[in-house]
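>>> Give me a model of this one.
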Amino acid sequence: MSIDRKATIAAYKERKTVAGIYVVRCAASGEAWVGQAPNLETIQNRIWFSLRQGSHTCRSLQAAWNAHGEAGLTFGEYERLEDEESSYVRNALLKERMLHWLAELRAEAI
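From the prediction side, this is the model:
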């Protein structure tokens, strides 16, 4: 393995991730789904992949995808959390903020 490849792999493993709250909306039905993620940069790809496969665990979101397709849904970050040393504190904050946005947006949890 070359030194450049090793350095690239090491940099990838050491990159900072941003935790936060996201929302998926369906323009046609007006529905909204709120979720939390330890890494906001990768969550949309994961959700869209499971929706394309027809295997997303949230049935109402999967139904909206099936009815309106990818173009009918939008993804947005709602809140980014500050870096936390402790994963326990980060997870507690994610749960607290998700409950806030669920109530605020009258959305369903993903």
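>>> What about residue 72, how many residues nearby?
14 (other Cβ atoms under 10 Å). All C-beta atoms are positioned from the backbone trio N, CA, C, and that covers glycine.
>>> Now do the contacts for the residue lying closest to it once chain neighbours are set aside.
For residue 72, ignoring the flanking residues on the chain, the nearest one in space by Cβ to Cβ, 6 or more residues apart in numbering is residue 28 at 5.4 Å. Taking Cβ atoms under 8 Å, 6 or more residues apart in numbering as the contact definition, residue 28 lies against 64, 67-68, 72.
>>> For these, pick the one with the most neighbours.
Ranking the contacts of residue 28 using other Cβ under 10 Å puts residue 64 first, with 22 neighbours.
>>> mind putting the contacts of residue 28 in a markdown table, secondary structure, distance to residue 19 and pLDDT included?
Shown next, in a markdown table, are the contacts of residue 28 (DSSP: H, G, I helix; E, B strand; the rest coil; distance: Cβ to Cβ, whole Å; pLDDT from 0 to 100):
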| residue | secondary structure | distance to residue 19 | pLDDT |
| --- | --- | --- | --- |
| 64 | helix | 25 | 97 |
| 67 | helix | 31 | 97 |
| 68 | helix | 29 | 96 |
| 72 | helix | 27 | 96 |
